[in-house]
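Novice: after the sequence you'll find the predicted model.
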Amino acid sequence: MTKRNTQQRRHSIIKLVNEQGEVSVDELASLFATSEVTIRKDLAMLETHGLLLRRYGGAIQLPQEMTQLANETLSLNKQAIAAKAAELIRDHNRIIIDSGSTTSGIVQQLNNKRGLVVMTNSLQLANAIHELENEPTLLMTGGTWDPHSESFQGQVAEQVLRSYNFDQLFIGADGLDLDRGTTTFNELTGLSKVMAEMSREVVVLLESTKIGRRIPNLELSWDVVNVLVTDDNISSQAVETISAHGVKVILAPYAN
């Protein structure tokens with residue numbers, strides 16, 4: 001099978017998924033006169049590129065929420081950061097994914113993880129997580145809807161979070177103050193602090209262009225942050241300063 005034929009088949013698979021909403025492995029294998037193993041490889045590759053979602057025995061069209069996140073919100077740079085952060089997740093981990101454009105990129109990386117418990121305060125992320133082939137246990141914070149962050153906030157959400165313990169929190173930020181920690185335009189920072197409090201490891205995802213932004217609202221101080229995942233366009237001086245706070249800096253390839 002030539003590379004060109006492979007590309008044509010995968011293009012046809014995407015077209016079928018978008019037209020029908022879902023396809024099965026055996027249907028595709030018969031249609032393209034190839035093995036089910038080959039089709040599974042096709043589906044895995046297409047999912048990696050955010051073009052569909054694998055389900056047991058086949059694949060489905062990306063939910064509208066995920067399509068919007070992938071095509072309109074996530075830059076290549078944010079996707080690279082999210083993919084690098086997802087490498088920190090182990091099978092059977094209990095994780096929190098906070099609402100945000102960069103953190104949303106983690107969802108597409110979860111299909112190769114098993115036994116996950118995932119908490120989120122975002123309806124969009126919850127819908128995307130629900131569609132994952134490996135069907136992680138999904139938890140929602142509930143609470144008061146905040147239209148600014150498009151997420152649930154408030155005391156009810158905080159109370160729900162305090163009922164659990166988590167291995168990791170994945171959270172973004174509007175800015176990064178090298179002296180203080182992560183910053184945000186949103187004045188509602190209580191839930192973020194509870195998320196960090198209930199997690200053994202706090203992982204911040206942030207593009208290097210946001211480093212040095214001195215936004216008034218401090219979200220998470222350096223003493224509660226364990227890992228910063230950013231792109232390798234960050235300056236060496238900034239890496240040194242952040243590392244001096246006891247934070248591990250992980251770099252993703254700069255993609256913009």
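Specialist: Cool, got the structure. Residues are numbered from 1 along each chain as shown.
Novice: mind saving the C-alpha coords of stretch 179-199 as CSV?
Specialist: Extracted as CSV, the C-alpha positions of stretch 179-199 are listed here (Å, rounded to 0.1, in the frame of the first residue of the first chain):
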residue,chain,number,x,y,z
ASP,A,179,7.9,36.8,41.5
ARG,A,180,4.5,35.7,42.7
GLY,A,181,3.0,32.9,40.6
THR,A,182,0.1,32.5,38.1
THR,A,183,-2.2,35.4,37.5
THR,A,184,-5.7,35.8,36.0
PHE,A,185,-8.1,38.4,34.8
ASN,A,186,-10.9,36.6,36.6
GLU,A,187,-11.5,37.7,40.2
LEU,A,188,-13.0,34.3,41.1
THR,A,189,-9.9,32.4,42.2
GLY,A,190,-11.3,30.4,45.1
LEU,A,191,-12.0,27.3,43.2
SER,A,192,-8.5,27.2,41.6
LYS,A,193,-7.0,27.4,45.1
VAL,A,194,-9.2,24.5,46.3
MET,A,195,-8.3,22.5,43.2
ALA,A,196,-4.6,22.9,44.0
GLU,A,197,-5.2,22.1,47.7
MET,A,198,-6.8,18.8,46.9
SER,A,199,-4.2,17.7,44.4
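Novice: mean confidence score for that stretch?
Specialist: For stretch 179-199, mean pLDDT rounds to 89.
Novice: in it, what's buried?
Specialist: Across stretch 179-199, burial judged by 16 or more other C-beta atoms under 10 Å covers 181-184, 186, 188-189, 191-192, 194-196, 198-199. Every C-beta, even on glycine, is put in place using the N, C-alpha and C of the backbone.
Novice: for those residues, which one is nearest residue 144?
Specialist: residue 188 (9.1 Å; C-beta to C-beta).
Novice: now the phi/psi pair for the closest one, please.
Specialist: Note on residue 188: its backbone torsions stand at phi -90, psi 90 [degrees, to the nearest 10].
Novice: who's the closest spatial neighbour of it, skipping the chain neighbours?
Specialist: Nearest residue to residue 188 in three dimensions, chain neighbours excluded: residue 153, at 4.7 Å (C-beta to C-beta, 6 or more residues apart in numbering).
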